[in-house]
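In: quick check, what structure comes out for this input:
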Amino acid sequence: MAQNHKKAIGIDVCRNFVNIVRLERNGTDIILTESRQVPLEKEISNSDTALAFKLLANTLKHMKLTAHLEHFPAGLCVCAWPELLQILKLPDTAPHAGIKFIQDEIRQYAVLPLKNVQTDYCVLPGNTSSENKRVLVGACQAERFSIAVKELEKIQIDVDLIEPAIISLIRACYKKTIKQEEHKNSIIILLRDDVINLCVFSGNKFDFLRTKKLDAVNSEDNPAIDTIAEQVDSILQFYELEKISQQNGWQIFINCCPDWSQSSQISEQLTKLLQRPKIEINAIGPEYTGITTNTSGVNDFSPVAAGAAMKLLDRNDSQISINLIPQEISEIRKSYKHFLMIINTAAVILMLLFLHIAHLSIKTTEARTEISKDSNPEKQADIQQLARIQEDVNSHTVQILKNINSLKEINNESTWNNWAYILVDISNRAPETVQVHNVNSRNPAAMKIEGISVNYAAVNEFVEKLAQSKFITSVQIADIKQNMQYGNGIVDYAINCVLAD
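Out: Numbers count the residues shown, from 1 in each chain. All right, here's what the predicted structure looks like:
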């Protein structure tokens, strides 16, 4: 997904808070212009997703992130979703075999439904020729993200990226914490509501990923720090005893959401619990992201939101990216582009017709002036022919205006998505020996196509091709007869079509 934005918004939605980061790109520099944290009116949960996202959009609307009629690209991270995020080793280097293997693995993941699952994956950098290709796979239920994107579009926020929070966090701090310290092993920890993400980098190589959900009740006897310390200690022992690592030393970076100040507290507690003085443990703040800060609001800074916005500004040093934009949203945006192409084409044709009519009017006026000087019958006949041509062009202009009004009515009735595809499909299926003049629809379930053809066989060929369209269930010739104006075997035709549901 190629990006060419100069400004972008990162939106990091936790269970009860939303973090907003606004970034701008100036050459090679990424500048932080705004950073805020706002409480949500309703907790984001699986029980009432639609209402929660409507309230989220209402909260962002009051923040006035966009000016009047201005659309802003945004990257979105929502709670601890997706339900699946893991590293897989592909058994075969063939692309088709690899995709099938990933799909089979996702089907075995019991938490996800069998249908309406959005999936994306990326090849992890750092693979050697002797290793099987390793990929990072993300999958989630697409419906909740479709709701979120549609609600945010109503307030001029265009979501171009949806990805797991841990991936955004890695992107935000990769250059400062991992790339520049490639002689060390690194652990990045994200504590987000009741979910812990831990990822291990062996030098620059993304080597390990673990996601663990905390107990429903986090009591004082079993706080989150105990779980984090237990997980980190098991990772350190595994690499010391079973993995061969050429790096010297470890560094650990921690980020907590929504309370960023908790990161420093957990860093200090983890240092005491691990009792490994050679390990560097730090909380991830703005200084670890390489972002230039031009605002004093860094107390509410979210590295996760910053990482999502950085991807839209074409800053992705980690070369790791998962985009879970639902297929439904992609199809809607694609059909909208087709619709704009049709409208723009109609506008160009209309403008050319107006210019042609103006030219004909000038020529007609000049001819009438000449006739007034000379009553030659041949010139009189030429004037009559020009008048007939002008009348014919005027009738075509009126018809095109009716068609454009029909397009507007289709747009007002919110059915333009299907008609954009239908019009393009009819154009593609029409033989070169058939010309379409009118496409009329009295109701959404039927349409009538009219035009001229060089012969009867061409009309039959057109009918056979229309019958193969997935948008049409029934095709029938309503009328076909010789054209009295042109002759030479030219026929007028009318075809009735029943549209698919």
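
In: the strands in the stretch 351-500 of the chain, which residues?
Out: Here the stretch 351-500 of the chain has its strands, by DSSP state E, counting those that start in this stretch, at 434-443, 446-453, 472-482, 491-499.

In: how's this structure carved up into domains?
Out: Per automatic domain parsing, the domain ranges recorded for the chain read 7-325, 327-427, 430-501.

In: give me the mean pLDDT for the last one.
Out: In other words, domain 430-501. What domain 430-501 shows for mean pLDDT is 87.

In: what is the end-to-end distance of that domain?
Out: By C-alpha to C-alpha, to the nearest Å, the extent of domain 430-501 from end to end equals 22 Å.

In: picking that back up, need the domains of the chain in JSON lines with mean neighbour count, can you?
Out: Every C-beta, even on glycine, is put in place using the N, C-alpha and C of the backbone. Formatted as JSON lines, the domains of the chain follow (neighbours: other C-beta atoms under 10 Å):
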{"stretch": "domain 7-325", "mean neighbour count": "18"}
{"stretch": "domain 327-427", "mean neighbour count": "13"}
{"stretch": "domain 430-501", "mean neighbour count": "15"}
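
In: which of those domains has the lowest mean pLDDT?
Out: Minimum mean pLDDT among these: domain 327-427, a mean of 71.

In: so Val149 touches Ile325, yeah?
Out: Yes - between Val149 and Ile325 a contact is recorded at 7.3 Å, counting by C-beta atoms under 8 Å.

In: overlap in contacts, these two.
Out: 159, 162 (C-beta atoms under 8 Å, 6 or more residues apart in numbering).

In: run through the bridge partners of Ile495.
Out: Taking DSSP bridges, one finds Ile449, Ile477 as the beta-bridge partners of Ile495.

In: quick one, what contacts it?
Out: 448-450, 459, 462-463, 466, 475-478.

In: just Asn438 next, same as before
Out: Going by C-beta under 8 Å, 6+ apart, the list of residues near Asn438 reads 399, 403, 448-451.

In: ok so, going back, with distance to Met351 as extra columns, can I get the strands of the stretch 351-500 of the chain in TSV?
Out: Output for the strands of the stretch 351-500 of the chain, formatted as TSV (distance: least, C-beta to C-beta, whole Å):
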stretch	distance to Met351
strand 434-443	20
strand 446-453	23
strand 472-482	32
strand 491-499	28
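
In: mind giving me the packing neighbours of the lengthiest helix in the chain?
Out: Ranked by residue count under DSSP state H, the longest helix found in the chain is helix 327-373. Applying 3 or more C-beta pairs under 8 Å, 6 or more residues apart in numbering; DSSP states H and E, we find helix 327-373 packed against helix 142-153, helix 377-412, helix 416-429.

In: and with 10 Å instead?
Out: strand 117-123, helix 142-153, strand 157-162, helix 377-412, helix 416-429 (3 or more C-beta pairs under 10 Å, 6 or more residues apart in numbering; DSSP states H and E).

In: quick one on the thing from earlier: could I get the contacts of Ile495 as JSON lines with distance to Lys212?
Out: Listed next are the contacts of Ile495 as JSON lines, based on distance: C-beta to C-beta, whole Å:
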{"residue": "Lys448", "distance to Lys212": "62"}
{"residue": "Ile449", "distance to Lys212": "60"}
{"residue": "Glu450", "distance to Lys212": "66"}
{"residue": "Val459", "distance to Lys212": "67"}
{"residue": "Phe462", "distance to Lys212": "62"}
{"residue": "Val463", "distance to Lys212": "62"}
{"residue": "Leu466", "distance to Lys212": "57"}
{"residue": "Val475", "distance to Lys212": "59"}
{"residue": "Gln476", "distance to Lys212": "63"}
{"residue": "Ile477", "distance to Lys212": "67"}
{"residue": "Ala478", "distance to Lys212": "66"}
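
In: closest to Val13 out of those?
Out: Leu466 (47.1 Å; C-beta to C-beta).

In: and the closest residue to that closest one other than its chain neighbours, what is it in contact with?
Out: Closest residue to Leu466 apart from its sequence neighbours, by C-beta to C-beta, 6 or more residues apart in numbering: Val475 at 4.7 Å. Val475 sits next to 449, 462-469, 495-498 when contact means C-beta atoms under 10 Å, 6 or more residues apart in numbering.

In: likewise Lys337?
Out: Ala420.

In: what about it, distance to Leu209?
Out: For Lys337, the distance to Leu209 equals 36 Å [C-beta to C-beta, to the nearest Å].

In: likewise for Ile20?
Out: To Leu209, Ile20 is 27 Å away according to C-beta to C-beta.

In: also Arg368?
Out: Distance from Arg368 to Leu209, by C-beta to C-beta: 83 Å.

In: got the contacts of Asn438 as TSV, with distance to Lys278 columns?
Out: As requested, the contacts of Asn438 are exported to TSV (distance: C-beta to C-beta, whole Å):
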residue	distance to Lys278
Gln399	82
Asn403	76
Lys448	81
Ile449	78
Glu450	83
Gly451	81
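
In: just name the closest of those to Leu350, please.
Out: Asn403 (9.9 Å).

In: would you confirm that Ile106 contacts Gln141?
Out: No - assessed by C-beta atoms under 10 Å, Ile106 is found out of contact with Gln141, at 12.0 Å.

In: where's Arg25, which helix or strand?
Out: Per DSSP states H and E: Arg25 is located in strand 17-26.

In: kindly report the same for Leu209.
Out: Going by DSSP H and E, Leu209 is part of strand 205-213.

In: any idea how far Glu43 is from Leu273?
Out: 31 Å.

In: whoops, Leu152 was the one
Out: The gap separating Leu152 from Glu43 is 18 Å, by C-beta to C-beta.

In: Thr211 too?
Out: 21 Å.

In: ranges for the helices of the stretch 51-200 of the chain?
Out: Counting by DSSP state H, counting those that start in this stretch, the segments of the stretch 51-200 of the chain that form helices are 95-107, 142-153, 165-177.

In: against which helices or strands is the second one packed?
Out: Applying 3+ C-beta pairs under 10 Å, 6+ apart, one finds that helix 142-153 contacts strand 7-13, helix 49-62, strand 72-78, strand 117-123, strand 157-162, helix 327-373.

In: let's see that with 6 Å instead.
Out: With contacts taken as 3 or more C-beta pairs under 6 Å, 6 or more residues apart in numbering; DSSP states H and E, helix 142-153 sits against helix 49-62, strand 157-162.

In: okay if I get these as CSV plus distance to Phe145?
Out: Formatted as CSV, those follow (distance: least, C-beta to C-beta, whole Å):
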stretch, distance to Phe145
helix 49-62, 9
strand 157-162, 5
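
In: what sits closest to Ile162 if chain neighbours are left out?
Out: Leu324 (4.5 Å).

In: OK, contacts around Ile157?
Out: Neighbouring residues of Ile157 by C-beta atoms under 6 Å, 6 or more residues apart in numbering: 72, 74.

In: just grab the bridge partners of it for me.
Out: Applying DSSP bridges to Ile157 gives these bridge partners: Phe72.

In: equivalent analysis for the one 4 residues further on, please.
Out: According to DSSP bridges, the residues that bridge with Leu161 are Gly75.

In: for it, give its distance to Pro223.
Out: 33 Å.

In: cool, and Cys497?
Out: Taken as C-beta to C-beta, the span from Cys497 to Pro223 is 67 Å.

In: how is the residue nearest to Ile162 assigned, secondary-structure-wise?
Out: coil (DSSP: H, G, I helix; E, B strand; the rest coil).

In: that one reaches Gln118, doesn't it?
Out: Yes - taking C-beta atoms under 6 Å as the definition, Leu324 is a contact partner of Gln118 at 5.0 Å.
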